[in-house]
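Novice: Starting from these lines, generate the structure:
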Amino acid sequence: MSKVSPSILSADFVNLERDIRHLQASGADYIHVDVMDGIFVPNITIGIPVVAAIRKITDLPLDVHLMITEPLRYVERFCDAGADILTIHAEADTVENNLEALRHIRAKGVRTGVSVKPATPPEALDPYMDLMDLILVMTVEPGFGGQKFMEDMMPKVRTLRKIIDVRSPGVELEVDGGVNTETARICVDAGANVLVAGSALFKAPDTSRFIREIHALP
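Specialist: Numbering: from 1, shown residues only. Below you'll find the model as predicted:
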């Protein structure tokens with residue numbers, strides 16, 4: 001069964017608790033929290049206090065995606081705020097600093113993830129394979145919701161699925177960007193098993209049905 005990680009970037013921030021409780025009731029597997037610093041990506045979203053507040057209102061795993069420079073500075077605080085999965089970007093710092101960040105996350109008992117932008121090749125993830133629980137492939141340029149799905153990222157997803165199956169079968173393969181019920185099938189066929197859905201999910205007339213349709217994908 002494919003998992004669904006709704007991105008609250010597309011939620012109603014005035015009624016965030018309502019929307020998160022609705023996602024939980026609708027069968028979501030994770031809550032995806034996009035953290036942007038205005039430097040690594042050209043947008044600013046939410047930070048540590050909001051993650052801590054969300055932690056108080058849901059039992060769903062918080063899938064926190066750090067789109068920030070030098071994530072080592074903040075990973076422990078996001079872990080303490082309640083992240084269950086904490087994903088950093090391969091492009092956000094040096095390999096040495098990123099490895100140290102992953103070790104800090106693991107030491108906190110939190111699952112680790114590494115994400116790559118569209119232009120970054122799958123080989124960039126090689127140094128992190130032994131310290132990752134999740135790989136996140138961006139199928140849009142990170143920074144803003146509502147962008148068009150980049151189907152040309154599917155060869156990267158297929159390559160990473162082969163690497164995972166050989167080296168680390170327990171690693172989840174997540175896709176984020178332009179996911180709807182049609183593009184979700186393309187992602188799953190390429191090997192993804194966790195799908196981040198934002199605009200399409202929140203605009204769907206029936207959230208539960210949207211999630212069920214993705215769950216039904218093999």
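Novice: For the residue nearest the centre of the chain, list the residues it contacts.
Specialist: In the chain, the residue lying closest to the centroid (C-alpha atoms, centre = their mean) is His65, at 5.3 Å. Going by C-beta atoms under 8 Å, 6 or more residues apart in numbering, His65 touches His32, Val33, Asp34, Val35, Thr87, Gly113, Ser115, Leu136, Asp176, Val196. C-beta: built from backbone N, CA, C; applies to glycine.
Novice: repeat that with 7 Å
Specialist: His32, Val33, Asp34, Val35, Thr87, Ser115, Leu136 (C-beta atoms under 7 Å, 6 or more residues apart in numbering).
Novice: Any figure for the gap between the fourth one and Asp165?
Specialist: Think Val35. Distance, Val35 to Asp165, using C-beta to C-beta, to the nearest Å: 30 Å.
Novice: same thing with the first one?
Specialist: Distance from His32 to Asp165, counting by C-beta to C-beta: 24 Å.
Novice: more neighbours, these two?
Specialist: Shown here are His32 and Asp165; by other C-beta atoms under 10 Å, His32 has more neighbours (29 against 12).
Novice: my read is that one is in a strand, agree?
Specialist: Yes: the assignment for His32 (DSSP: H, G, I helix; E, B strand; the rest coil) places it in a strand.
Novice: Now for it: which residues touch it?
Specialist: By C-beta under 7 Å, 6+ apart, His32 lies in contact with Ser5, Pro6, Ser7, Ile8, Asp63, His65, Val196.
Novice: still on that earlier bit, just name the closest of the contacts of His65 to Arg212, please.
Specialist: His32 (18.2 Å; C-beta to C-beta).
Novice: how many other residues sit next to the residue nearest to Asp130 when sequence neighbours are not counted?
Specialist: Counting by C-beta to C-beta, 6 or more residues apart in numbering, Asp130 lies nearest to Ser168, which is 7.6 Å off, once chain neighbours are set aside. If you count neighbours by other C-beta under 10 Å, Ser168 ends up with 14.
Novice: cool, and Glu182?
Specialist: 10.
Novice: after the strand or helix carrying it, next one along is what?
Specialist: Using DSSP states H and E, Glu182 sits within helix 181-190. Next helix or strand after helix 181-190 toward the C-terminus (DSSP H and E): strand 194-197.
Novice: Parallel or antiparallel, which strands does that next one pair with?
Specialist: Strand 194-197 pairs in its sheet with strand 3-6 (parallel), strand 172-176 (parallel), by DSSP bridges.
Novice: Show me the helices in this protein, by range?
Specialist: 16-25, 48-55, 75-81, 95-107, 154-167, 181-190, 199-203, 207-215 (DSSP state H).
Novice: got TSV for those, with distance to Ala119 and mean pLDDT too?
Specialist: TSV is the format used below for these (distance: least, C-beta to C-beta, whole Å; pLDDT from 0 to 100):
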stretch	distance to Ala119	mean pLDDT
helix 16-25	31	98
helix 48-55	28	98
helix 75-81	24	98
helix 95-107	17	98
helix 154-167	10	97
helix 181-190	18	97
helix 199-203	23	95
helix 207-215	27	97
